[in-house]
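Student: I would like to see how this sequence folds:
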Amino acid sequence: MTLNLYFLRHGETTSSQTGTFCGRLDIDLTSHGYQMAHQFAEAYKDVTWTAIFASPLHRTMATATPLSELINVPIQKRDGLKEIAYGEWEGKTPAEVNQQFHDDYVRWLADPGWNAPSGGEKGIDIARRSSEVLEEIEQTFSNGNVLVVSHKSTIRIMLCSLLGIDIGRFRDRIGMPVAAVSIITMSEHGPLIEVMGDRSHLNQDLRARYGT
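Tutor: Numbering: from 1, shown residues only. As a prediction, the model looks like this:
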């Protein structure tokens, strides 16, 4: 057997719909977000799950809980899976950030790997802390299926790290709508991407709610 990592972005929030920066703001899912979580659980309940890891923020825990309860596998919380800290940009739209923090915003857009939001985290910081969680999983489980429930930027950064993509290009190379699943197999030749950003577990109405 091999180790399969299932990366799941949390379900819809008001921030994912409005496009405001939401990193450490501990907001809840919308009603549609809860539907997404339940539909994921129903679609994936028959997978033989080895473990579930999740960011401790409310929106990720709410997304992981339906599957956890269905299959009776506890959620292991890890701070390393939290979303990027946006600092002074939290709760603001890109237009507001561009107006109030223009120079920082331009630098961040050019290379978010080495430039942080004003008072926030660099992409390499997220790569470092999230890689510690992935290393823990690899060292603990040599095979099986492990679910990792996290956030838009953090998942994209983890995928870049695994696939050898420049961290500074995570916003340009990988899309990750709400409730999307990506699967990486840890093969003998290294990480192999099997699925990217899949939302086929959602009904048509929920898939139409893109939630970037």
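Student: what sits against the most centrally placed residue in the chain?
Tutor: The centroid of the chain falls nearest to H151 when counting by C-alpha atoms, centre = their mean (2.7 Å). H151 makes contact with R9, H10, G23, S55, L57, T60, L81, K82, E83, I84 under the criterion C-beta atoms under 8 Å, 6 or more residues apart in numbering. In short, each C-beta sits where N, CA and C put it, glycine included.
Student: show me where the protein has its strands.
Tutor: 3-9, 49-54, 75-77, 144-150, 181-187, 190-198 (DSSP state E).
Student: V133 is nearest to which of the ones you listed?
Tutor: Among the strands of the chain, the nearest to V133 by C-beta to C-beta is strand 49-54 (6.4 Å).
Student: give me the contacts around that closest one.
Tutor: By C-beta under 8 Å, 6+ apart, strand 49-54 touches 60-61, 63-64, 67-68, 71, 73-78, 81, 133, 137, 140-141, 143-150.
Student: out of those, which are buried?
Tutor: Buried members of those, scored by 16 or more other C-beta atoms under 10 Å, are 60-61, 63-64, 67-68, 71, 75-78, 81, 133, 137, 141, 144-150.
Student: low-confidence ranges in this protein?
Tutor: 1, 211-212 (pLDDT under 70).
Student: how far is the longest helix along the chain from where the chain is centred?
Tutor: Criterion DSSP state H: the longest helix present in the chain is helix 123-140. Put simply, helix 123-140 sits 13 Å off its chain's centre (C-alpha atoms, centre = their mean, to the nearest Å).
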